[in-house]
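>>> A structural model of the following input is requested.
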Amino acid sequence: MKSRATQQVKKLAGKAALVTGGAARVGRAIALALAREGADVAIGYHASSAAARATVADLEALGVRAVALRADLARPAAARALVTAAARRLGRLDILVNNAAVFFRTPLADTTPAQFDRLIAVNLRGAFFCAQAAARLMPVGGRIVNIADVGGVRAWPGYIPYGISKAGVLMLTRGLAVALAPRIQVNAVGPGVVLLPEGFPRAQARRIRARIPMGRHGRPEDVAAAVCFFAACPDYITGQALFVDGGTLAR
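The predicted structure follows:
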């Protein structure tokens, strides 16, 4: 039988993490999971100020330091400033989770340059400049975890720019892993269907579940567990992508 002291060991105690887009949904689950493992957590947010305050309160209730920092990751200077502010407020930065993203339908015939640029700017360029800034601040053993998507490898005709942005995140992960080795490990988590929008048609949801080998859509906690794995995994693991998709890509 394990002692109480053994049971209380936390893998990320003494570490500090930044989760972009960490105020709500999957980002919130990631932030909470890192905190449960002992990490102090900064969350980046853009418009979700109320959700950010609530998440910070929940993080602090877990006994860690937490802070919410506003930034528009479509602006490279703001992305770099977010990382710098997180390291300053927490005293260090060991883990960066590039989770922030925008997602909306873009039919081929109707997609505008502004829509295309917005998806690339937030989902890909923002992740690049956050990683660039983090690499300058992280100690040896730092970890960057990028949130990709099955849409980065499986074509969705109504979401082509989004798919391009997430395919870019996968290549960004590989490029960073080589560029930052052996000092910093860089990996990616690729969720499948995790959270359906409120009011999503039930019949359509059933059709989606029927195509997933595991018979259900994912939970934010599934993604968070994969992030925590990469945040504490052996340092010989880098440049990898773990798809949390219930077997979708195996079909």
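>>> which parts of the stretch 1-150 of the chain are helices?
Using DSSP state H, counting those that start in this stretch, the helices of the stretch 1-150 of the chain run over residues 4-7, 25-36, 49-61, 76-90, 113-120, 126-137.
>>> and these, which is most packed in?
Sort these by mean neighbour count, taking mean count of other Cβ atoms under 10 Å, and helix 25-36 sits at the top with a mean of 25. (Each C-beta comes from the backbone N, C-alpha and C, glycine too.)
>>> any idea of the angle that one forms with helix 49-61?
Interaxial angle, helix 25-36 versus helix 49-61 (axes from the mean of the first three to the mean of the last three Cα atoms, to 10 degrees): 20 degrees.
>>> elements contacting helix 25-36?
Judged by 3 or more Cβ pairs under 8 Å, 6 or more residues apart in numbering; DSSP states H and E, the packing partners of helix 25-36 are strand 16-20, strand 40-45, helix 49-61, strand 95-98, helix 220-232.
>>> tell me the mean pLDDT over that helix?
In this model, helix 25-36 carries a mean pLDDT of 98.
>>> with only the CA atoms kept, save that helix in PDB.
Provided in PDB are the C-alpha atoms of helix 25-36 (Å, rounded to 0.1, in the frame of the first residue of the first chain):
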ATOM      1  CA  ARG A  25     -13.500  24.600 -23.300                       C
ATOM      2  CA  VAL A  26     -10.500  22.400 -24.100                       C
ATOM      3  CA  GLY A  27      -8.000  25.100 -23.000                       C
ATOM      4  CA  ARG A  28      -9.600  25.300 -19.600                       C
ATOM      5  CA  ALA A  29      -9.400  21.500 -19.200                       C
ATOM      6  CA  ILE A  30      -5.700  21.600 -20.100                       C
ATOM      7  CA  ALA A  31      -5.000  24.400 -17.600                       C
ATOM      8  CA  LEU A  32      -6.800  22.600 -14.800                       C
ATOM      9  CA  ALA A  33      -5.000  19.300 -15.600                       C
ATOM     10  CA  LEU A  34      -1.600  21.000 -15.500                       C
ATOM     11  CA  ALA A  35      -2.500  22.600 -12.200                       C
ATOM     12  CA  ARG A  36      -3.600  19.200 -10.700                       C
END
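>>> output the helices of the stretch 1-150 of the chain in CSV; the columns should cover distance to residue 156.
CSV is the format used below for the helices of the stretch 1-150 of the chain (distance: least, Cβ to Cβ, whole Å):
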stretch, distance to residue 156
helix 4-7, 44
helix 25-36, 18
helix 49-61, 27
helix 76-90, 26
helix 113-120, 12
helix 126-137, 20
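>>> residue 157: which of those is closest?
helix 113-120 (14.9 Å; Cβ to Cβ).
>>> can you tell me what sits against the lengthiest helix in the chain?
Criterion DSSP state H: the longest helix present in the chain is helix 160-180. Outside helix 160-180, the residues that touch it by Cβ atoms under 8 Å, 6 or more residues apart in numbering are 98, 101, 103-104, 106, 108, 111, 115-116, 119-120, 122-124, 127-128, 131, 135, 144, 146-149, 151-156, 184-188, 190, 238-241.
>>> Throw the helices and strands packed on helix 25-36 into TSV and include mean pLDDT and distance to residue 203, thanks.
Listed next are the helices and strands packed on helix 25-36 as TSV, based on pLDDT from 0 to 100; distance: least, Cβ to Cβ, whole Å:
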stretch	mean pLDDT	distance to residue 203
strand 16-20	98	34
strand 40-45	98	34
helix 49-61	98	30
strand 95-98	98	34
helix 220-232	98	24
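>>> among the helices of the stretch 1-150 of the chain, which comes closest to residue 201?
Among the helices of the stretch 1-150 of the chain, the nearest to residue 201 by Cβ to Cβ is helix 25-36 (19.6 Å).
>>> please enumerate residues in contact with the closest one?
10, 12, 17, 19-22, 41, 43, 51, 55, 58-59, 62, 64, 66, 95, 97, 99-100, 147, 191, 194-195, 219-221, 223-225, 227-228, 231.
>>> any idea how far residue 239 is from residue 179?
Per Cβ to Cβ, to the nearest Å, residue 239 is found 10 Å from residue 179.
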